[in-house]
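Q: Show me the folded form of this:
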Amino acid sequence: MGLIKALGLDLRILLAQLLNFAILMWVLRRFAYRPVFKILEERRSKVNKGLDDAELAANKLEEAEAQNKQILLEARQESKKILEQAQAKAELKQEEIIAKAEAEIGVIMEKERAKIALEKSKSLSQLREEVSALVMLSLKKFLENNLDEHKDQAIVEKIVASLNDK
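A: Numbers count the residues shown, from 1 in each chain. Alright, predicted model coming up:
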């Protein structure tokens, strides 16, 4: 106790101050610290939930971007496939048109060849008739001038042979 008096402390005042301090701590803890801690804990949980939601949203965004890239890749592949099919169909159609045109040209050429062959045979037939008529006329004139039978016979045979060769 001497030490307490030497320091100038009054025990009654010290006990009253300790009692006041204990009451103050109880009041603060009951009415101030608990609600503040409760508010801080709620805020902490909201912040954590917000961070989790943000992380979830970032993950979903990455997934959406990956899915978007995949869809674009598939669309490009599909468009490439469609383009290749269109080109193949166009080439096939072109080949069909060319084949049809070639067939038509072949038919037209055969018809023209047949016409030319017919005209040629008609012309040759007509030419033979004209040549025969000229030979007959020449032969008639020749026979009127030459009355030698051996010569006439040889000439007629020679003419007939040359006509048969043609």
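
Q: All the helices of the chain, residue numbers only.
A: For the chain, the helices defined by DSSP state H cover 2-7, 11-27, 34-145, 149-165.

Q: Relative to residue 110, how far out is residue 116?
A: Taking CB to CB, to the nearest Å as the measure, residue 116 falls 11 Å from residue 110. In this view, the C-beta of every residue, glycine as well, is placed from N, C-alpha and C.

Q: Ignore what I typed, I meant residue 136.
A: Taking CB to CB, one finds residue 136 at 38 Å from residue 110.

Q: could you dump stretch 79-89 to CSV, C-alpha only?
A: Output of stretch 79-89 as CSV, limited to C-alpha atoms (Å, rounded to 0.1, in the frame of the first residue of the first chain):
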residue,chain,number,x,y,z
SER,A,79,-18.9,-21.8,-95.5
LYS,A,80,-15.7,-23.3,-97.0
LYS,A,81,-17.5,-26.7,-97.4
ILE,A,82,-20.5,-25.0,-99.0
LEU,A,83,-18.2,-23.0,-101.3
GLU,A,84,-16.3,-26.2,-102.3
GLN,A,85,-19.6,-28.0,-103.0
ALA,A,86,-20.8,-25.1,-105.1
GLN,A,87,-17.6,-25.1,-107.1
ALA,A,88,-17.8,-28.8,-107.6
LYS,A,89,-21.5,-28.5,-108.8
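
Q: Going by neighbour count, which residues of that stretch are buried?
A: Within stretch 79-89, no residue qualifies as buried by neighbour count (16 or more other CB atoms under 10 Å).

Q: how about the helices of the chain in JSON lines, adding mean pLDDT?
A: Formatted as JSON lines, the helices of the chain follow (pLDDT from 0 to 100):
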{"stretch": "helix 2-7", "mean pLDDT": "72"}
{"stretch": "helix 11-27", "mean pLDDT": "92"}
{"stretch": "helix 34-145", "mean pLDDT": "91"}
{"stretch": "helix 149-165", "mean pLDDT": "73"}
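
Q: Go ahead and confirm residue 132 touches residue 162.
A: No: look at residue 132 against residue 162 with CB atoms under 8 Å: they stay out of range, at 11.5 Å.

Q: Neighbours of residue 107, how many?
A: 10 (other CB atoms under 10 Å).
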